[in-house]
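[1] Provide a 3D model corresponding to the input given below.
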Amino acid sequence: DLRTPHGVNLAGLLSNSVPPSPLSVSAVKFEDCQRSREVGFVTNDPNFSVRPDGTVYAEQEVANLSEPVQFMVTARGLHDPHIWETTVKLALAGHPHPLALTKVGIEEMLSRVWESQPRVIKFPRKHQRGSSANGLRRQKRDWVIPPINVPENSRGPFPHMLVRIRSDQDKDVGIRYSITGAGADQPPSGIYNIDPISGNMFVTQPLDREERASFHLRAHAVDMNGNQVENPIDLYIYVIDMNDNRPEFQNQVYNGSVAEGSKPGSSVMQVTATDSDDSTTANGMVRYRILSQTPHSPIPNMFTINSETGDIVTVAAGLDREKVSQYTIIVQATDMEGNLNFGLSNTATALISITDINDNPPELTVRTFSGEVPENKVNVVVTNLTVVDRDQPHSPNWNAVYRIVSGDPSGHFTIRTNPITNEGMLTVVKPVDFEMNRAFMLTVVVSNQAHLASGIQSSLQSTAGVTISVQDVNEPPVFPVNPKMIRFEEGVPAGTTLTVFAAQDPDHFIHQIVRYSKLSDPANWLRINRTNGQITTMALLDRESMYVRNNVYEATFLAFDNGSPQASGTGTLQIYLIDVNDNAPVLIPREAQVCERARPNSRINITASDADADPNVGPFVFELPSFPASVRRNWTISRLSGDYAQLRLRIPFLEANVYEIPITVSDSGNPPLSNRSVIRVKVCPCDDNGDCSATGAVAAAGLGTGAIIAILICIIILLSMVLLFVVWMKRREKERQAKPLLIDPEDDVRDNILKYDEEGGGEEDQDYDLSQLQQPESLDHIINKPSGVRRVDERPVIAESQYPVRPSLPHPGDIGDFINDGLRAADNDPTAPPYDSLLVFDYEGSGSTAGSVSSLNSTSSGDQDYDYLNDWGPRFKKLADLYGGGDDD
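    Reported below is the predicted structural model:
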């Protein structure tokens with residue numbers, strides 16, 4: 001195979017015996033782009049050579065040639081650094097064609113190629129053209145070093161010699177040979193080495209073309225001193241591919257789809273397998289085929305595959321999802337261009353889903369449906385329309401769409417689709433009236449969301465009729481005009497008839513009596529006649545009432561019949577109240593302040609408010625009364641506009657005080673209403689800015705000297721009480737810090753030794769000395785008493801222990817330490833009661849309920865049995881635990 005765009009692949013014939021003289025076998029034709037004829041040819045088999053004209057001939061006798069011969073021919077132009085290669089295959093004479101290559105034949109051929117590598121590669125020599133003295137000598141053409149071919153996965157033995165590198169100067173001087181490059185002294189190093197003396201080049205291990213397809217090495221020749229003898233030559237080593245890799249699918253399972261009813265030749269999917277071997281040779285050329293199809297319906301071969309691209313297409317019609325929804329296909333990929341005899345294969349699974357098309361129209365299960373609905377009801381399901389569709393459920397091809405084509409011109413009904421069951425729910429969306437329509441006859445049509453596939457016609461069963469019966473129910477009375485608006489002037493007297501608010505019963509086929517009652521009357525102004533619905537007033541109608549909104553008063557009434565069950569309806573009566581002038585205006589503001597001296601900016605703007613509506617409000621008239629005379633003497637009013645006026649001082653100065661000024665305000669009603677209002681004016685001294693000063697404000701507020709003095713006294717008393725409380729708290733704190741104890745003596749609740757009076761003797765005998773049980777007054781009789789058994793609780797005569805002294809100002813955190821130190825000192829103090837001594841009690845007399853305690857003698861012998869203590873109850877449990885237990889203690 002040629003590795004460049006130029007070259008040939010030739011086959012020739014050889015006789016069984018080739019004579020020694022050069023024998024022309026075949027011819028190699030080479031053409032480059034520049035049409036150059038100066039081309040040199042070199043073969044990698046020493047038995048064959050190529051002349052400059054391309055003739056292939058045998059260099060020596062070739063006998064017993066029983067197998068095909070294959071060798072490489074390399075072409076190189078004189079002025080072109082590129083190298084071209086081709087393969088020449090020679091078969092035995094008498095065969096019409098070259099021998100067929102089998103797997104065994106390929107291996108033998110590769111081994112022959114291995115063994116037929118050039119044995120010697122010489123360094124090229126250059127000769128100068130000239131005269132014998134200094135004339136020019138023609139340069140001899142350099143040799144073209146052919147590439148070295150090494151098959152992959154060779155079994156050895158290793159190291160295996162490839163070629164020999166030698167220099168023509170090895171006879172004159174000692175030469176040392178070496179090779180450099182990737183595979184020799186560079187990673188992956190160690191694959192090739194060379195004998196430095198003989199120049200034999202070896203490969204040391206099997207090669208893998210898929211790991212590295214070629215190597216570029218350089219051969220060097222130096223003398224014994226390391227000086228370069230020859231220019232380095234390039235060695236190209238190509239790894240010959242062998243079929244050692246199976247095709248590998250990119251996925252083990254492929255998923256594809258095709259629509260049902262597709263025509264033959266419709267594309268389904270593509271599977272792809274790759275081979276790591278050389279794709280330019282048969283080793284890497286993959287071919288595909290289908291091994292099996294499951295199921296075999298309608299025929300076993302519904303699909304085919306393009307052997308080179310892996311495209312799967314349909315080859316027959318008849319795909320029907322409703323019969324077969326998925327096909328499973330086993331696809332095989334084989335290299336060696338699909339040769340099953342020596343190619344390597346692999347398989348994958350292709351799952352082909354048949355997608356649904358709308359080739360099945362929906363069909364209603366029956367031709368006529370029926371149902372009934374009560375009148376005046378909405379959102380009620382009358383009946384369910386059932387449908388059958390064989391397309392894929394819950395897809396647009398299956399989802400049903402229902403339409404009412406006739407029988408419902410007013411739009412009382414609609415059909416909603418149940419998304420789960422695909423049923424049509426016939427629903428009332430607009431109330432039906434039994435008195436208007438007692439029954440409906442509808443015609444419905446069902447279709448799918450998706451259009452039917454081309455060539456598919458709608459089914460006759462896609463249309464059905466629906467009969468709906470309307471049920472009569474007792475309907476409530478209805479007010480013809482609701483709400484009803486009437487107009488009246490406010491202030492009409494009680495008992496005035498306003499209107500008749502009557503309702504009608506829509507049940508024409510049943511005679512029923514309608515009665516009325518009041519449902520809502522916020523101000524309780526109205527009354528309704530129970531029989532005829534006449535509305536009368538019970539109180540004056542006031543437009544200014546809080547229950548009137550925008551001059552309208554609303555009341556709600558109830559109308560009910562005597563049907564079974566009873567039905568009722570409501571109606572709203574709106575009364576528009578026309579305003580009359582029944583409210584006098586009120587002065588605004590009611591308080592103000594001015595400076596005691598007349599100033600341009602010391603004026604009061606006044607206006608009025610009127611609860612009535614136009615035209616019974618402004619413009620207003622403001623007047624000062626004639627009495628008292630001081631009002632008009634000190635004050636004056638000037639008109640600003642229809643609703644506003646200005647009050648100001650008439651005199652230059654007025655003493656600071658609070659003045660109540662009466663003003664008469666009149667509206668513009670017919671007749672007008674007037675109101676005398678009082679404005680409270682504070683007259684005070686002012687600063688330069690015209691604002692009342694603080695002193696003036698107090699004076700103007702009307703506080704006299706006595707009131708001011710009373711306020712000051714109250715403040716002084718309050719401050720004195722606060723001062724006394726602070727002094728008392730500080731004194732109490734000092735007393736608490738001066739006490740040596742933590743608590744007052746009268747609050748001390750600790751245990752004390754108390755002395756009690758005599759209470760009598762024992763049960764029978766009371767003639768015993770009680771002094772033995774008393775606290776001695778002094779210790780003199782104890783000190784002078786002879787030694788012996790003490791009969792009283794006596795205090796030892798020793799020095800008293802020292803207790804810790806509490807600091808005068810203890811820190812709260814030291815209180816706990818102080819208590820613990822005192823407790824520890826008391827526990828170790830033998831002079832602190834109770835005193836350790838032996839007490840001897842007198843005989844109390846016979847008949848005592850207590851038993852004798854004389855048996856409780858102290859003993860040092862260990863044979864006393866104390867197990868009976870366990871029978872004395874829980875009070876002796878601790879004692880029994882101490883003395884019981886036998887040998888375990």
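
[2] residues in contact with stretch 201-215?
    150-156, 158-165, 179, 181-183, 188, 190-195, 219, 235-242, 245, 276-278 (Cβ atoms under 8 Å, 6 or more residues apart in numbering). To be clear about C-beta, it is placed using only N, CA and C from the backbone, and glycine gets the same treatment.

[3] from the chain's centre, how far out does it sit?
    On the basis of Cα atoms, centre = their mean, to the nearest Å, stretch 201-215 sits 56 Å off its chain's mean C-alpha point.

[4] List the buried residues of it.
    For stretch 201-215, burial by neighbour count (16 or more other Cβ atoms under 10 Å) applies to 201, 203, 207, 209, 215.

[5] repeat for stretch 433-444
    434, 440, 442, 444.

[6] In strands, which of those residues appear?
    Here DSSP state E is the test, and these give 440, 442, 444 as lying in strands.

[7] Identify, from those residues, the entry nearest to Gln270.
    Val444 (46.9 Å; Cβ to Cβ).

[8] Quickly note the distance from the closest one to Thr368.
    To Thr368, Val444 is 11 Å away according to Cβ to Cβ, to the nearest Å.

[9] quick revisit: max pairwise distance over the buried residues of stretch 201-215: which two?
    Met201 and Arg209 (19.5 Å).

[10] Closest to Lys263 out of the buried residues of stretch 201-215?
    When the buried residues of stretch 201-215 are compared against Lys263 (criterion: Cβ to Cβ), the nearest one is Arg209, at 45.3 Å.

[11] coming back round to it: in helices only, show me the buried residues of stretch 201-215.
    If you go by DSSP state H, the buried residues of stretch 201-215 have nothing in helices.

[12] now, among those, which is nearest to Glu372?
    Nearest to Glu372 among these, with distances taken as Cβ to Cβ, is Arg209, at 86.4 Å.

[13] Ramachandran angles for that closest one?
    Dihedral pair for Arg209: phi -60, psi -30, per degrees, to the nearest 10.

[14] now it: how far from Asp244?
    Taking Cβ to Cβ, one finds Arg209 at 9 Å from Asp244.

[15] Next: Pro374.
    Taking Cβ to Cβ, one finds Pro374 at 86 Å from Asp244.

[16] again, but for Gln252
    For Gln252 relative to Asp244 (Cβ to Cβ), the value is 22 Å.

[17] How about Ala825?
    Counting by Cβ to Cβ, the gap from Ala825 to Asp244 is 102 Å.

[18] send the alpha carbons of stretch 486-494 over as PDB?
    Extracted in PDB, the C-alpha atoms of stretch 486-494 (Å, rounded to 0.1, in the frame of the first residue of the first chain):
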ATOM      1  CA  ILE A 486     -86.200  55.700  45.600                       C
ATOM      2  CA  ARG A 487     -85.700  59.400  46.400                       C
ATOM      3  CA  PHE A 488     -87.100  61.300  49.500                       C
ATOM      4  CA  GLU A 489     -86.200  64.400  51.400                       C
ATOM      5  CA  GLU A 490     -84.700  63.900  54.800                       C
ATOM      6  CA  GLY A 491     -86.800  64.500  57.800                       C
ATOM      7  CA  VAL A 492     -90.000  62.900  56.600                       C
ATOM      8  CA  PRO A 493     -92.200  62.000  59.600                       C
ATOM      9  CA  ALA A 494     -92.700  58.500  61.000                       C
END
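
[19] could you give me the average pLDDT of it?
    Stretch 486-494 comes out with an average pLDDT of 86.

[20] can you list residues touching both of Arg209 and Asp244?
    152, 277.

[21] higher neighbour count, Gln252 and Asp244?
    Between Gln252 and Asp244, counted using other Cβ atoms under 10 Å, Asp244 has the larger neighbour count: 14 against 10.

[22] In this structure that one contacts Asn153, no?
    Yes. Between Asp244 and Asn153 there is a contact at 5.7 Å, judged by Cβ atoms under 8 Å.

[23] chain center to the helix ranked longest in the chain, what's the gap?
    What stands out as the longest helix in the chain, according to DSSP H, is helix 705-738. Centroid separation for helix 705-738 versus its chain: 67 Å, with Cα atoms, centre = their mean.

[24] Kindly report the same for stretch 159-171.
    Worked out by Cα atoms, centre = their mean, stretch 159-171 lies 74 Å from the chain centre.

[25] Any buried residues in it, and which?
    Buried residues in stretch 159-171, counted by 16+ other Cβ under 10 Å: 162-167, 170.

[26] For that stretch, what does the pLDDT average out to?
    Stretch 159-171 comes out at a mean pLDDT of 88.

[27] Report pLDDT for Gly310.
    Confidence score, pLDDT, at Gly310: 94.

[28] Quick check: it vs Gln250, distance?
    10 Å.

[29] so what's in contact with the two at the same time?
    Common neighbours of Gly310 and Gln250 (Cβ under 8 Å, 6+ apart) are 272-273.

[30] Those two: which has the busier surroundings?
    More crowded of Gly310 and Gln250, by other Cβ under 10 Å: Gly310, with 21 against 10.

[31] Next up, the contacts around the more buried one.
    270-273, 288, 331, 333.

[32] Among these, which one lies nearest to Thr497?
    Gln270 (94.5 Å).

[33] average model confidence for the host helix or strand of Ser638?
    Using DSSP states H and E, Ser638 sits within strand 635-639. What strand 635-639 shows for mean pLDDT is 85.

[34] and it, what does it pack onto?
    strand 621-623, strand 645-649 (3 or more Cβ pairs under 8 Å, 6 or more residues apart in numbering; DSSP states H and E).

[35] So which elements touch the next helix-or-strand element following the longest one?
    Sequence-wise, the next helix or strand beyond strand 645-649 is strand 657-666, with elements assigned using DSSP H and E. Of the remaining helices and strands, those touching strand 657-666 by 3+ Cβ pairs under 8 Å, 6+ apart are strand 586-588, strand 621-623, helix 629-634, strand 674-684, helix 694-700.

[36] For Val258, which non-adjacent residue is closest in space?
    Leaving aside its sequence neighbours, Val258 sits nearest to Val268 (Cβ to Cβ, 6 or more residues apart in numbering; 4.7 Å).

[37] circling back to that earlier point, figure out which of the helices and strands packed on strand 635-639 is closest to Gln593.
    That would be strand 645-649 among the helices and strands packed on strand 635-639, by Cβ to Cβ, at 11.7 Å.

[38] Neighbouring strands of the closest one in the sheet, and parallel or not?
    Sheet pairing for strand 645-649, assigned by DSSP bridges, gives strand 604-609 (antiparallel), strand 635-639 (antiparallel).

[39] Reformat those strands as JSON lines; add distance to Phe620 and mean neighbour count.
    Converted to JSON lines, the strands paired with strand 645-649 look like this (distance: least, Cβ to Cβ, whole Å; neighbours: other Cβ atoms under 10 Å):
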{"stretch": "strand 604-609", "distance to Phe620": "5", "mean neighbour count": "19"}
{"stretch": "strand 635-639", "distance to Phe620": "9", "mean neighbour count": "15"}
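
[40] looking at these, which is closest to Asp881?
    strand 604-609 (97.7 Å).

[41] avg pLDDT for the closest one?
    In the prediction, strand 604-609 has an average pLDDT of 86.

[42] Equivalent analysis for stretch 548-564, please.
    pLDDT averaged over stretch 548-564 gives 88.

[43] Report the buried residues of that stretch.
    548, 553-555, 557-561, 563.
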